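Student: sequence unknown, structure follows:
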């Protein structure tokens, strides 16, 4: 009688962990409020979203921009200009309008009045970014920027939109002091809300199920790319994002002795091992699972 009870409990616990979750617009507003409270009252924060990709790879929003806005729109910039009388952050999203040809290929942007009503963020054209920032500098207000480097891309990437803009700003105004808001944002991100915890559990469940299914199919004669394809297909069919949380690592034989070997074409040989270091992303939250198994099953 005990075994069915334990099994039932495990199934119920699993189903609770993987319930769908969604970060609400109210939670994004709370994040912006929390950030402005950590900075001087006159501070202005500029957060760049990721530039638009052409074809491949798939668009991946800048994590800090997504954390503060929840927007997956490319080429956008968030400018936070302090707090109102009630202590709430004042923010504007500057966005790149789309020509008719771009709408045909990529679809329309979200309606501006609807976006403002939903998020509480004002909407202005991206062309106004330089005048807005120049007015901040002229007023002597402290200027903070967030890093828009991609995960694992390196903190010193000089080709991100934010880095290019900061370099241009320093050329125009050599005396300007651009501070970093990354420390404050990272401090906020270390504490997860209930919704974030559910998203992390979901990404872990998707990853675990996909890895377990791949393990059952591993056999001599396959290649690293076969295992990668099985795992990433499991991510997508499980509801994961269009890209993994990080580059999929499937390493067969001696390749598993190279840190972060990228899945390629090496065969899976009898009597050897295969290592999988992988993670599905779900609404921007990534799991990270590593398993090493024998190709022959023993």
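Tutor: Perfect, I can see it now. Since this is a predicted model, take the numbers as computed values, not measurements.
Student: List the buried residues for stretch 40-48?
Tutor: For stretch 40-48, a neighbour-count test (16 or more other Cβ atoms under 10 Å) marks 43, 44, 45, 46, 47, 48 as buried. C-beta here means a position set from N, CA and C on the backbone, and glycine is covered the same way.
Student: What segments of the chain are strands?
Tutor: Counting by DSSP state E, the chain has strands at residues 44-48, 77-83, 89-95, 122-125, 143-145, 178-180, 249-252, 273-278, 281-282, 285-286, 289-294.
Student: Give me the buried positions along the fifth one.
Tutor: Right, the one you point to is strand 143-145. Taking 16+ other Cβ under 10 Å as the criterion, strand 143-145 shows 143, 144, 145 as buried.
Student: hang on, isn't the first one packed against residue 176?
Tutor: Going back to what we said before, that points to residue 143. Yes - applying Cβ atoms under 8 Å as the test, residue 143 and residue 176 come out as touching, 6.9 Å apart.
Student: what about stretch 204-216, average pLDDT?
Tutor: Averaged across stretch 204-216, the pLDDT comes to 98.
Student: correction: stretch 70-85
Tutor: Mean predicted lDDT for stretch 70-85 stands at 91.
Student: Stretch 51-65 now?
Tutor: Computed over stretch 51-65, the average pLDDT equals 77.
Student: which ones are touching the closest residue to residue 115 other than its chain neighbours?
Tutor: Leaving aside its chain neighbours, residue 115 sits nearest to residue 123 (6.0 Å; criterion: Cβ to Cβ, 6 or more residues apart in numbering). By Cβ atoms under 8 Å, 6 or more residues apart in numbering, the contact list for residue 123 reads 92, 93, 94, 95, 112, 115, 116.
Student: who are the neighbours in contact with the third one?
Tutor: Read it as residue 94. So, once contact is read as Cβ under 8 Å, 6+ apart, residue 94 ends up touching 76, 77, 79, 123, 124, 125, 126, 128, 129, 132.
Student: What is the neighbour count of the first one?
Tutor: By that I understand residue 76. 23 (other Cβ atoms under 10 Å).
Student: Same question for residue 162.
Tutor: 22.
Student: Quick check: pLDDT value at it.
Tutor: At residue 162, pLDDT is 88.
Student: Same question for residue 18.
Tutor: pLDDT at residue 18 comes out at 44.
Student: Same check on the one 5 residues further on?
Tutor: Residue 23 carries a pLDDT score of 93 in this model.
Student: Which neighbouring residues are in contact with the closest residue to it other than its chain neighbours, exactly?
Tutor: Ranked by Cβ to Cβ, 6+ apart and with sequence neighbours excluded, the top spatial neighbour of residue 23 is residue 195, at 5.4 Å. Residue 195 is in contact with 21, 22, 23, 24, 27, counting by Cβ under 8 Å, 6+ apart.
Student: and which of these is nearest to residue 231?
Tutor: Proximity of the contacts of residue 195 to residue 231 (Cβ to Cβ) peaks at residue 21, which lies at 23.0 Å.
Student: sorry, back to before: now the contacts of residue 123: which count as buried?
Tutor: 92, 93, 94, 95, 115.
Student: What's the separation between the fourth one and residue 121?
Tutor: The one in question is residue 95. 10 Å (Cβ to Cβ, to the nearest Å).
Student: next one: the third one
Tutor: Summarising the geometry, the distance separating residue 94 from residue 121, computed by Cβ to Cβ, is 10 Å.
Student: Also residue 148?
Tutor: 18 Å.
Student: got it, and residue 202?
Tutor: Distance from residue 202 to residue 121, by Cβ to Cβ: 27 Å.
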